[in-house]
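Participant: Give me a model of this one.
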Amino acid sequence: MQVYGGLAGTIQIGETLDAWPQYKGKFEEVTLALSEVNIKDGVIDALGTSDGYMIGWQKRINGQLNPKMTMRPGETQIWNLANIGSRGLYNLALTDENLENPWQATILAVDGNETDMRPLPLPLSADPLRMQNALAPTAIPGGGRL
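Facilitator: All right, here's what the predicted structure looks like:
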């Protein structure tokens, strides 16, 4: 009931980068909590009782609709991604302003488990109620979109 109503968040136990000492202290770490909310007539539809399963649903990052995130060209950040919603899957891409030329992130861990002790370049997704830790380099000059 709480997750359907939007009451969810992240708790990180331990240090994500223990298995990756070469990255410790070198990059900014950002936590991105991905969720969804259904707002109909100014009221949150907590149990999905509105007409049409996905009508009115808004995807949110840290509770914000289309938040502005900044990275300098060539900067790398460590993203701690968590899908804290009760439904839905996210397929994320950092692209240029035309929503083209996406990059692949390097997944360091999934649900706190290192990925075979070597970074894996994979498409970036967030399954329901899962956590991923990824290196997010900007190979795109200027502004980009997530």
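
Participant: What mean pLDDT does stretch 33-44 get?
Facilitator: For stretch 33-44, mean pLDDT rounds to 71.

Participant: I meant stretch 100-119, not that one.
Facilitator: Mean predicted confidence for stretch 100-119 is 67.

Participant: One more: stretch 59-79?
Facilitator: pLDDT averaged over stretch 59-79 gives 80.

Participant: buried set for it?
Facilitator: Residues of stretch 59-79 classed as buried: 60-61, 69, 71, 76-79 (neighbour count, 16 or more other Cβ atoms under 10 Å). Quick note: C-beta positions are derived from backbone N, CA and C, even for glycine.

Participant: What is the nearest of the residues you listed to Ser86?
Facilitator: Nearest to Ser86 among these: Arg60, at 12.9 Å, using Cβ to Cβ.

Participant: which residues touch the closest one?
Facilitator: 34-37 (Cβ atoms under 8 Å, 6 or more residues apart in numbering).

Participant: Chain neighbours aside, what residue packs nearest to Leu17?
Facilitator: Lys24 (4.8 Å; Cβ to Cβ, 6 or more residues apart in numbering).

Participant: Alright, I will stop here.
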